[in-house]
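Undergrad: Predicted model follows, preceded by the sequence.
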Amino acid sequence: MDWTFGIALLIGFAPVFILMDTILKNYTYPRVETPFFKDTTFFGLFTVGIVEGAVMAVVISLLGLLESSFSIMYMVMMAFVELMAIVVVMNLKRFRGKSDSIFYGYGMGLGMAGGMASGFVYLMLMASSEGLDPTMVIMAVILSCGISLIFSSGGTNIGEGIARHMPMQYLMQGAIPLVAFNMIFAILPTTGGIVYIGALLLMLLIGAYFFHKNLFVNLPNVVRDVLKYNNEKRDDIPKSR
């Protein structure tokens, strides 16, 4: 058994499921009598996101985008490709103008984060000359957490755009932090020591800031706005934090 791959999956998906539970428990049973989204649709899109994230990680690895002299430019372009992959799936009539689309965008972002983080963490651990070095594992966890935070935040932006019938406008909102995240990601292979750790922590901070903004501060108001647009009202929407 390839223990490295198993550990990579654990590191890649643990933050995903923690973030999933942290947010969704406030919008589904038993916290609310009527859930704000359908579990089957959420996990279906979550699975699609996993596949897309794994494909993105493979493409970036096989094409050597992080090792290229033009890595920053390539990773900036990849930020738009990654978000467009969510738009293409979600920009269907069944999702447009619906308040639950926000949660489905969140689910796709989480899935993409899990697939991508697992791939990158596996490559990090395999590249380590000292095997499963504890320091390398800690850095892999930081990277995975950063990826989970930024992609779930970006997916929520896309979901909001679909719900408001303005997907491209909200794609741009999600792209701004993801571009910054990917630019730092692009320089990781050329750094080492304290600079490498500092870059990882900066990526984590960017992801955490926009996750908090989108999921804790904005999400309740966005759900309320979309429901109002559709002449619907609910009194069990959680308060912004």
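TA: All right, it came through fine. Residues are numbered from 1 along each chain as shown.

Undergrad: only C-alpha atoms for contact and neighbour calcs from this point on.
TA: Fine.

Undergrad: Report all helices and strands that the helix ranked longest in the chain contacts.
TA: Identified as the longest helix of the chain according to DSSP state H is helix 134-163. Counting contacts by 3 or more CA pairs under 8 Å, 6 or more residues apart in numbering; DSSP states H and E, helix 134-163 packs against helix 3-24, helix 71-90, helix 101-127, helix 167-187, helix 193-211.

Undergrad: what's the helix or strand following the first one packed up against?
TA: In the C-terminal direction, the helix or strand that comes right after helix 3-24 (DSSP states H and E) is helix 39-62. Packed against helix 39-62 by the contact rule (3+ CA pairs under 8 Å, 6+ apart) you find helix 71-90, helix 101-127.

Undergrad: Turn the ones you listed into a markdown table, including distance to Ile197.
TA: Listed next are the helices and strands packed on helix 39-62 as a markdown table, based on distance: least, CA to CA, whole Å:
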| stretch | distance to Ile197 |
| --- | --- |
| helix 71-90 | 18 |
| helix 101-127 | 14 |
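
Undergrad: closest one to Gln169 among these?
TA: Within the helices and strands packed on helix 39-62, the stretch nearest Gln169 is helix 71-90; the backing value is 11.4 Å (CA to CA).

Undergrad: If we go by neighbour counts, what in the closest one is buried?
TA: For helix 71-90, the neighbour count (16 or more other CA atoms under 10 Å) marks 71-72, 74-76, 78-80, 82-87, 90 as buried.

Undergrad: what about the helices and strands packed on helix 134-163, which gets the closest to Asn230?
TA: Of the helices and strands packed on helix 134-163, nearest to Asn230 by CA to CA is helix 101-127, at 13.3 Å.

Undergrad: ok and the helix-or-strand element of the chain with minimal mean pLDDT relative to helix 101-127, angle-wise?
TA: One helix or strand of the chain scores below all others by mean pLDDT, DSSP states H and E: helix 219-229, with a mean of 90. Orientation check (axes from the mean of the first three to the mean of the last three CA atoms, to 10 degrees): helix 219-229 against helix 101-127 gives 150 degrees.

Undergrad: any residues touching helix 219-229, and which ones?
TA: 97-99, 102, 160, 163-164, 233-234, 237-240 (CA atoms under 8 Å, 6 or more residues apart in numbering).

Undergrad: go on, stretch 47-60?
TA: Defining contact as CA under 8 Å, 6+ apart, one finds that stretch 47-60 is touched by 66, 82, 85-86, 107-120.

Undergrad: how close does the spatially most central residue of the chain sit to Leu83?
TA: Nearest to the geometric centre of the chain sits Phe151, at 1.9 Å (CA atoms, centre = their mean). When distance is defined by CA to CA, to the nearest Å, Phe151 is 9 Å away from Leu83.

Undergrad: got any ranges where this structure has weak pLDDT?
TA: Within the chain, the segments meeting pLDDT under 70 span 1, 129-131.

Undergrad: For Met116, see how far away Pro189 is.
TA: Applying CA to CA, one obtains 17 Å for the distance of Pro189 from Met116.
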